[in-house]
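here you go, sequence then predicted model.
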Amino acid sequence: SQKIEQNSEALNIQEGKTATLTCNYTNYSPAYLQWYRQDPGRGPVFLLLIRENEKEKRKERLKVTFDTTLKQSLFHITASQPADSATYLCALDVGRDDKIIFGKGTRLHILP
Amino acid sequence: EAGVAQSPRYKIIEKRQSVAFWCNPISGHATLYWYQQILGQGPKLLIQFQNNGVVDDSQLPKDRFSAERLKGVDSTLKIQPAKLEDSAVYLCASSLRVSSYNEQFFGPGTRLTVL
């Protein structure tokens, strides 16, 4: 069956360090993958999209990689700050009509 | 640019009662989505509209849930009758058009509690 897994339910990182979140999937061949941020009581906010033919994408302190052989995406936040604390969701395209499937998310806590 | 608007923000009802949620997408966005997000889970797609037509409603429990998007703009999602397991946040999202890798813009959601 099709499955998306995000590495852990919660991740604690010291301020200033790089936070790395993992998204693994099975039985999909997505054309693209997206990462969203969700704060408590709010809807998800789009951060980055990476296509299957792209190895890496950057936006300010964010970096996303996409390895279609390993079926894995890594999401990095460099020089992390307490304001980066949130739940991060990965979402995969399922091949039709721009429908995407979300993972459960990883709650990231940046400790001051 | 105004974001996706949803109302109400919170709703508490008894099981077997009915409830309706309203969504106003970003102006000009042809595609509208309704998601259900249970605590600790990612959003799960219930229904997707392209203008006022349904693109995907394969995960909508049609015996109790219904949705419409009149005139291809606002949308309502209804649950009748509600069950305890319907307690969740209902998120509405919109995107510019289908099949363009466009990101989805989400509203704040409606938190439903069924007692």
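Looks like it came in fine.

please name the nearest non-neighbouring residue to residue 14.
All of this refers to chain A. Leaving out its chain neighbours, the residue that sits closest to A:Gln14 by CB to CB, 6 or more residues apart in numbering or on different chains is A:Leu111, at 5.5 Å. Every C-beta, even on glycine, is put in place using the N, C-alpha and C of the backbone.

should've been chain B
Using CB to CB, 6+ apart, the closest residue to B:Glu14 is B:Leu115 (5.5 Å).

what sits against the one you found?
B:Ile12, B:Ile13, B:Glu14, B:Lys15, B:Leu84 (CB atoms under 8 Å, 6 or more residues apart in numbering or on different chains).

go on, A:Ile77?
With the criterion set at CB under 8 Å, 6+ apart, A:Ile77 makes contact with A:Thr18, A:Ala19, A:Arg61, A:Leu62, A:Asp84, A:Leu108.

widest-spaced pair of the residues you listed?
Put simply, by CB to CB the two of the contacts of A:Ile77 set farthest apart are A:Arg61 and A:Leu108, 13.1 Å from each other.

what's the neighbour count on B:Ser7?
14 (other CB atoms under 10 Å in any protein chain shown).

report the contact partners of the closest residue to it other than its chain neighbours.
Leaving aside its chain neighbours, B:Ser7 sits nearest to B:Trp22 (5.2 Å; criterion: CB to CB, 6+ apart). Counting by CB under 8 Å, 6+ apart, B:Trp22 makes contact with B:Gln6, B:Ser7, B:Asp74, B:Ser75, B:Thr76.

low-confidence ranges, the chain, go.
I'll assume chain A. A:1-2, A:97 (pLDDT under 70).

meant chain B actually
Ranges of chain B meeting pLDDT under 70: B:1, B:97-101.

beta-bridge partners for A:Ser73, please?
Taking DSSP bridges as the rule, A:Ser73 bridges to A:Cys23, A:Phe66.

who's in contact with it?
So A:Ser73 contacts A:Thr22, A:Cys23, A:Leu33, A:Trp35, A:Ile50, A:Val64, A:Thr65, A:Phe66, A:Asp67, A:Cys90 (CB under 8 Å, 6+ apart).

from the contacts of B:Trp22, which two are the most distant?
Farthest apart among those - using CB to CB - are B:Ser7 and B:Ser75, which lie 12.0 Å from each other.

hmm, back to that, okay, the contacts of A:Ser73 in CSV with distance to B:Asp56 and neighbour count next?
Output for the contacts of A:Ser73, formatted as CSV (distance: CB to CB, whole Å; neighbours: other CB atoms under 10 Å in any protein chain shown):
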residue, distance to B:Asp56, neighbour count
A:Thr22, 28, 16
A:Cys23, 22, 25
A:Leu33, 19, 27
A:Trp35, 22, 23
A:Ile50, 23, 20
A:Val64, 26, 24
A:Thr65, 29, 16
A:Phe66, 25, 22
A:Asp67, 28, 11
A:Cys90, 20, 28
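
just the closest of these to chain B, please.
For those, the minimum distance to chain B (CB to the nearest CB) is 8.6 Å, reached by A:Cys90.

shouldn't that closest one be in contact with A:Tyr32?
No - using CB atoms under 8 Å, A:Cys90 is not in contact with A:Tyr32; the gap is 11.2 Å.
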